[in-house]
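Chemist: What would the 3D arrangement of this be:
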Amino acid sequence: MPRGPAMLGVEATALTAADRARLAHPLVGGAILFARNYVSRAQLSALTNDIRALRFPALVIGVDHEGGRVQRFRDDFTSVPPMRSLGETYDNNREGALAQTESWGGLIADELGSCGIDFSFTPVLDLDFGASAIVGDRAFHRDAHTVAALAAALCRGLHRGGMAAVGKHFPGHGNVAVDSHVDLPIDRRSYAEIAADDLVPFATLARDGLLDAVMPAHVLYPAVDAAPAGFSAKWLREILRGEIGFDGLIFSDDLEMAGAHVVGDIVARADAARSAGCDMVLACNDFTAMEELLERWCPSSDRGLAWRAAAMRRRT
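Modeler: Below you'll find the model as predicted:
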């Protein structure tokens, strides 16, 4: 059964009957894991083996495992520092910081991969403007070229470990104070301002072939388009695909986040994300909404999804 365009969360540390039914649905192409899904490395490996055994080709399995505040698996995993600390090192020791960052990328890939995880949603390419608490020390730096250099090093480490890299949150979440988990942030800057700053890491890594996937932000940039970036064909098809030339997978951010609710119910959000250019849509925590999505959603086919999703599988 081909992989479908939805990526879903699972309930606990082992698959429930409801999880199995959802993940077996033809609309599903992947599973995303969280801290609630982890007790030990052995348990995590058993869970990912069970997910993988459900389908052929197997579902892709991802996790938000950036380091710092956003590291879903902790016991028996190495504690990865927040990316800001690597940016601080870079200010005084560029070569040392790049080597450290590449090493951390390799370690993330090795530790996750040994437990059956295909990829982490990293690197964060947002700039540290000091405005966003939800971004904060997840960002490498304020300077766009520094972010690009450090993120490239992290991607090289991930790739060395056989793991894909996912840049987020396009075109940049760092200049808004509002957390898109709880409301819709609005960034009123012009396109020229965003392109000269926030887009630099995305464009640089895409040009250099280091990004396998991109996740857009649930942020509205009204000077550019009337729809938030994750629901905007202007941002995804015209700018990301057309101007920047990115040809990898586009994941939506979690469609259950409050920043996505302006579009409508879960099915309307999925339709809007796909119409804008997202290949796969995420529904992470609301299992009732997941059931509704699988029952009512009728997305158009996308021939590009097969090879783009296959590119997210871990290379061994």
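Chemist: Report back the residue of the chain that's furthest from centre.
Modeler: residue 92 (29.7 Å; CA atoms, centre = their mean).
Chemist: do you know how far that one is from residue 132?
Modeler: For residue 92, the distance to residue 132 under the criterion CB to CB, to the nearest Å works out to 25 Å. Using the backbone N, CA and C atoms, a C-beta is placed for each residue, glycine as well.
Chemist: Can you classify residue 178 as helix, strand or coil?
Modeler: Of the three states, residue 178 takes coil according to DSSP: H, G, I helix; E, B strand; the rest coil.
Chemist: what's the closest non-adjacent residue to it?
Modeler: Leaving aside its chain neighbours, residue 178 sits nearest to residue 185 (3.9 Å; criterion: CB to CB, 6 or more residues apart in numbering).
Chemist: pLDDT score for that neighbour?
Modeler: In the prediction, the pLDDT value recorded for residue 185 is 91.
Chemist: Could you do residue 303 as well?
Modeler: Residue 303 is assigned a pLDDT of 61 by the prediction.
Chemist: Where do the helices of the stretch 201-316 of the chain begin and end?
Modeler: In the stretch 201-316 of the chain, the helices defined using DSSP state H, counting those that start in this stretch lie at 233, 266-276, 287-296, 304-310.
Chemist: how much space between the residue farthest from the centre of the chain and residue 129?
Modeler: From residue 92 to residue 129 the distance is 22 Å (CB to CB).
Chemist: do the same with residue 35
Modeler: Separation of residue 35 from residue 129 (CB to CB) stands at 28 Å.
Chemist: quick one, which of the two is more surrounded?
Modeler: In this comparison of residue 35 against residue 129, neighbours counted by other CB atoms under 10 Å, the higher total goes to residue 129 at 17 against 12.
Chemist: measure that one to residue 48 for me?
Modeler: Taking CB to CB as the measure, residue 129 and residue 48 are separated by 37 Å.
Chemist: what do you get for residue 262?
Modeler: Relative to residue 48, residue 262 is positioned 34 Å away (criterion: CB to CB).
Chemist: just checking, residue 31 touches residue 9?
Modeler: Yes. Using CB atoms under 8 Å as the test, residue 31 is close enough to residue 9 to be in contact (7.3 Å).
Chemist: Specify which residue of these two has the higher count of neighbours.
Modeler: A count of neighbours by other CB under 10 Å puts residue 31 above the other of residue 31 and residue 9, at 26 against 21.
Chemist: Identify the residues contacting the helix or strand encompassing that one?
Modeler: When elements are defined using DSSP states H and E, residue 31 is found to belong to strand 28-33. Under the contact criterion CB atoms under 8 Å, 6 or more residues apart in numbering, strand 28-33 has outside partners 3-10, 22-23, 44, 47-48, 51, 59-64, 72, 117, 280, 282, 284, 294, 305, 309, 312.
Chemist: Using CSV, write out every CA atom in the next helix or strand after that strand.
Modeler: For strand 28-33, the succeeding helix or strand toward the C-terminus, using DSSP H and E, is helix 41-53. What follows is helix 41-53 as a C-alpha-only set of coordinates in CSV (Å, rounded to 0.1, in the frame of the first residue of the first chain):
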residue,chain,number,x,y,z
ARG,A,41,15.5,2.5,24.3
ALA,A,42,14.3,-1.2,24.2
GLN,A,43,10.7,-0.2,24.4
LEU,A,44,11.1,2.5,21.7
SER,A,45,12.8,0.0,19.4
ALA,A,46,9.9,-2.4,19.9
LEU,A,47,7.4,0.4,19.2
THR,A,48,9.1,1.5,16.0
ASN,A,49,9.4,-2.2,14.9
ASP,A,50,5.6,-2.6,15.4
ILE,A,51,4.9,0.6,13.4
ARG,A,52,7.2,-0.5,10.6
ALA,A,53,5.7,-4.0,10.4
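Chemist: Looks like residue 82 contacts residue 69 (just checking).
Modeler: Yes. Counting by CB under 8 Å, residue 69 is a contact partner of residue 82 at 6.8 Å.
Chemist: what residues do the two have in common as contacts?
Modeler: Taking CB under 8 Å, 6+ apart as the criterion, residue 82 and residue 69 both touch 137, 138.
Chemist: Looking at the two, which one has more neighbours?
Modeler: More neighbours surround residue 82 than the other of residue 82 and residue 69, with 20 against 10 (other CB under 10 Å).
Chemist: Report pLDDT for that one.
Modeler: Per-residue pLDDT puts residue 82 at 97.
Chemist: what residues are up against it?
Modeler: Going by CB under 8 Å, 6+ apart, the list of residues near residue 82 reads 67, 68, 69, 137, 138.
Chemist: quick one: which of those residues is nearest to residue 112?
Modeler: Set against residue 112, the nearest of the contacts of residue 82 by CB to CB is residue 67 (12.0 Å).
Chemist: which residue is nearest the centroid of this structure?
Modeler: Among the residues of the chain, the smallest C-alpha distance to the mean C-alpha position (CA atoms, centre = their mean) belongs to residue 121, namely 3.8 Å.
Chemist: hang on, residue 254 packs against residue 280?
Modeler: No. The pair formed by residue 254 and residue 280 falls short of the contact definition of CB under 8 Å, at 11.8 Å.
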